[in-house]
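[1] here is a sequence together with a model predicted from it:
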Amino acid sequence: SLYLWRDEIHAADLLAEAAGSLEKSVEWLMVDRVEDRVLLYRDGEYLGDVSASSFDELPLALQEIQRLVGAEEALLNDDLDMEVALLKGLVGGLDRHSRLLHGERLASFDKRLSGTLSGIGTRISMIDHRLTVVEVYSNTPAARGGVQRQDRIVRIDGIATMGMNISDAVGRITGERGTKVVLSVERDLEAGVVKKDLSLVRARVRIPNVVWRELSPGYGYIEIDHFSEQTVSNLRRAMQDLSTQGALEKGLVLDLRENTGGSMIQAARAADLFVPEGELVSTIGPAGTPVRGLVPSINALDDGRDKDVPLVVLQDRRTAS
């Protein structure tokens, strides 16, 4: 109901996208479309058809798909959430920016947005198909427990990581504060490869999303990885530190490459550190109406602390809009 361009989207298209998403989750389900109708088959046997000619008819049409497929309950996997599968397709059919967040992905997004989590304080990546530590944050269980950059994590609590994706690994490494996790790592040394079992106790960890340094005399550099509730305070600290070093006398590079977004309010308040006045962002719903739960407008505040310094902003294809 809040989608801005409803006139450009057809209910039948969204219904077909939803059914197509469910088809990917159910091995025996086959979906076909004839004009505005979606036809459902079980291994070639006709189950029924569903249609929706308007947005108001979509909820009932989705429920009918659930009923038809759910009638074959004995053939469905226990872990299948039909509602989520249908909504994934429906939301994905809106445009390339819209996503459905649920379960672990939603929990991960919330942690990222808050800027804190309960874990060990590392950033991991897949390098040459091996789960590898690419960053160890200071004053964290990982730093205190001896984890080092370039360590390859081969087991987590005895579970082999070969073939494990990053999301799975993060889910196993993070957990309730005060609990233990054991990482089995391989490390390259001059004498050869050594293996270590590192026992770490999870703790509340701040996720650093702002790093800074002096590029050359008089020039500062700040990278913002994403916008969380900690961003503006971290950015102020970076600006103060660079200013103290004399690294803001000639110019500043603000690096937003690979920054995939986060908190709209924090992004606006970060911009406010450089913009003395004017509207920074506004939110509107269909027909220009306000949207419940969203800040309608954020304006720059002239508190006299804006940095008047030549500024270059870097962005790339993964920089959020």
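    Done, it's in. Numbers count the residues shown, from 1 in each chain.
[2] what about the helices in this protein?
    When secondary structure is read from DSSP state H, the chain shows helices at 11-25, 58-70, 82-92, 103-114, 141-145, 166-173, 231-244, 264-272.
[3] okay if I get the ones you listed as JSON lines plus mean neighbour count and mean pLDDT?
    All C-beta atoms are positioned from the backbone trio N, CA, C, and that covers glycine. Converted to JSON lines, the helices of the chain look like this (neighbours: other CB atoms under 10 Å; pLDDT from 0 to 100):
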{"stretch": "helix 11-25", "mean neighbour count": "21", "mean pLDDT": "94"}
{"stretch": "helix 58-70", "mean neighbour count": "17", "mean pLDDT": "94"}
{"stretch": "helix 82-92", "mean neighbour count": "19", "mean pLDDT": "93"}
{"stretch": "helix 103-114", "mean neighbour count": "14", "mean pLDDT": "78"}
{"stretch": "helix 141-145", "mean neighbour count": "18", "mean pLDDT": "94"}
{"stretch": "helix 166-173", "mean neighbour count": "16", "mean pLDDT": "86"}
{"stretch": "helix 231-244", "mean neighbour count": "17", "mean pLDDT": "93"}
{"stretch": "helix 264-272", "mean neighbour count": "20", "mean pLDDT": "92"}
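[4] so which of the ones you listed comes closest to residue 192?
    Among the helices of the chain, the nearest to residue 192 by CB to CB is helix 141-145 (22.5 Å).
[5] what about that closest one, distance to the chain center?
    Relative to the centre of its chain, helix 141-145 is centred 25 Å away, using CA atoms, centre = their mean, to the nearest Å.
[6] who does it touch, helix- and strand-wise?
    With contacts defined as 3 or more CB pairs under 8 Å, 6 or more residues apart in numbering; DSSP states H and E, helix 141-145 has these neighbours: strand 130-136, strand 192-201.
[7] so which of these is nearest residue 230?
    Taking CB to CB as the measure, those were each checked against residue 230, and strand 130-136 came out nearest at 16.3 Å.
[8] buried set for the closest one?
    Of the residues in strand 130-136, those scored as buried under the neighbour-count criterion (16 or more other CB atoms under 10 Å) are 131, 132, 133, 136.
[9] can you tell me who the second one pairs with across the strands?
    This means residue 132. Listed beta-bridge partners, residue 132: residue 125, residue 152 (assigned using DSSP bridges).
[10] I figured it hits residue 125, correct?
    Yes: taking CB atoms under 8 Å as the definition, residue 132 is a contact partner of residue 125 at 5.8 Å.
[11] list the contacts for the residue nearest to residue 251 when sequence neighbours are not counted?
    Spatially, and ignoring its direct neighbours in sequence, residue 251 is nearest to residue 310 (4.0 Å; CB to CB, 6 or more residues apart in numbering). Residue 310 is in contact with 250, 251, 252, counting by CB atoms under 8 Å, 6 or more residues apart in numbering.
[12] pick out whichever of the residues you listed sits closest to residue 239.
    Within those, proximity to residue 239 (CB to CB) peaks at residue 252, which comes in at 8.4 Å.
[13] what's the local residue count around the residue nearest to that closest one when sequence neighbours are not counted?
    With CB to CB, 6+ apart as the measure, residue 220 is the residue that lies nearest to residue 252, at 4.7 Å, once sequence neighbours are left out. Counted with other CB atoms under 10 Å, the burial measure for residue 220 works out to 26 neighbours.
[14] between the contacts of residue 310, which is closest to residue 20?
    Of all these, the one with the least separation from residue 20 (CB to CB) is residue 252, at 47.3 Å.
[15] nearest residue to residue 165 in space, please, no chain neighbours.
    Leaving aside its sequence neighbours, residue 165 sits nearest to residue 126 (CB to CB, 6+ apart; 7.9 Å).
[16] am I right that that neighbour is in contact with residue 132?
    Yes: assessed by CB under 8 Å, residue 126 is found in contact with residue 132 at 7.1 Å.
[17] what distance do you get for the most centrally placed residue in the chain to residue 100?
    If you average the C-alpha coordinates of the chain and look for the closest C-alpha using CA atoms, centre = their mean, you land on residue 109, 5.1 Å from that point. Using CB to CB, to the nearest Å, one gets 11 Å for the distance from residue 109 to residue 100.
[18] again with residue 107
    Applying CB to CB, one obtains 14 Å for the distance of residue 107 from residue 100.
[19] before we move on, what about residue 307?
    Here the distance between residue 307 and residue 100 works out to 39 Å (CB to CB).
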